[in-house]
Structure formats: C-alpha cells, structure tokens
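Trainee: Sequence and predicted structure, then a few things I'm wondering about:
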Amino acid sequence: MTQTAHGPQPTAAGNGPTPVPADVYVEVQQFYAAQMRLLDSNDFEGFGATFTEDGAFRPAGGGLLEGPAAIAKAAAVAAGRFQGGQPRHWFDMLTVDRTEDGSLHTSYYAVVSVTAADGRNVHEPSVVVRDVLTWTDGGLRNASRTIRRDDHLAAESARD
C-alpha cells in the first residue's frame, strides 16, 4: 500500500475494497453532515452541487437523475411532501471502503423525521443508501447514490 494525503491506498490488483483510516471516515461524516444541512435548509442548488457533474442519483421511488441541476430540481420537488414541516435527515451505521480506483464506497441507514409547526413529528420509512464518493478539487463529491426503502426490501424478501 502507498500512503497519500487521504490514508493508505491499495496498490496491488485484486485487493478489493479496503476500510478507510479514521481521518477519512471523519471526513466522510463531515461531508454528509454538510450535505444534509443543505438539503434540510432547502438549499437545493447547494445540495445538487455536492454531486459530480456526471453524478447519478437513483431515488427510492425509482428512476435516474443525472447531474447536479437535475438532482437539485428533483430535491426541491420532493421537499413538497413535507407540507411545510421541517425535515431532518439522520444517518447511522456508516461503512466506508476505498476501492482500487481510490473512490469511496459508503453504505448507511437513513431515516427522515419531519416536524410540523404544531410539534407533530412523523418518520418516513427507513432506507439503505449506497454512495460512491470521489475527491475533486472542491473536496468530496457524490458520484452516485442509490436509495432503497426498507419496506420495499422487506416486500422483495417476502416474495422470494
């Protein structure tokens, strides 16, 4: 392995994913914290800018969004489901692995809570998110995101 500013990098072909060192893990957590604060504060353009120019986003409802502008527009439309409530995106059980090309493959559980003006709080179905992150001149960016709802996963398992 060779050492870089972002920790050890696999050098031999066939090594597969490698867990990242603590400093990179923290950098990924900080990236997600900033990304979700943009989304939860309705800065949809800022949220879209956290994706690479060719970034791909596959939301839980299906379909494919490509590029920051399409992702930002879809996020703004999707926020309508909160009906004026304040959303909070919560992430946990984060794993981060570096692949041979240097990209980071992450997986985590997420839930969105929405608090209405009267104090009612509702939770959307929990999901599993899988991202590919890359470093750019501007720092970490999402190259791809795929979201799978747990109720959809459970229904698929029940059919098998």
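Mentor: It's in.
Trainee: Helices of this protein, start to end?
Mentor: 22-40, 44-48, 68-78, 150-159 (DSSP state H).
Trainee: mind putting these in JSON lines, distance to residue 85, mean neighbour count and mean pLDDT included?
Mentor: Any C-beta I mention is one placed from the backbone N, CA and C, and that applies to glycine too. Shown next, in JSON lines, are the helices of the chain (distance: least, C-beta to C-beta, whole Å; neighbours: other C-beta atoms under 10 Å; pLDDT from 0 to 100):
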{"stretch": "helix 22-40", "distance to residue 85": "11", "mean neighbour count": "16", "mean pLDDT": "98"}
{"stretch": "helix 44-48", "distance to residue 85": "16", "mean neighbour count": "19", "mean pLDDT": "98"}
{"stretch": "helix 68-78", "distance to residue 85": "13", "mean neighbour count": "17", "mean pLDDT": "97"}
{"stretch": "helix 150-159", "distance to residue 85": "21", "mean neighbour count": "11", "mean pLDDT": "88"}
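Trainee: do you know which of those helices lies nearest residue 117?
Mentor: helix 22-40 (15.8 Å; C-beta to C-beta).
Trainee: which strands and helices sit next to that closest one?
Mentor: helix 44-48, strand 86-98, strand 104-115, strand 139-149 (3 or more C-beta pairs under 8 Å, 6 or more residues apart in numbering; DSSP states H and E).
Trainee: For residue 54, which of the helices of the chain is the nearest?
Mentor: That would be, of the helices of the chain and by C-beta to C-beta, helix 68-78, which comes in at 9.6 Å.
Trainee: so what does the closest one touch, helix or strand wise?
Mentor: helix 44-48, strand 51-58.
Trainee: so which of these gets nearest residue 80?
Mentor: Using C-beta to C-beta, the nearest of the helices and strands packed on helix 68-78 to residue 80 is helix 44-48, at 11.6 Å.
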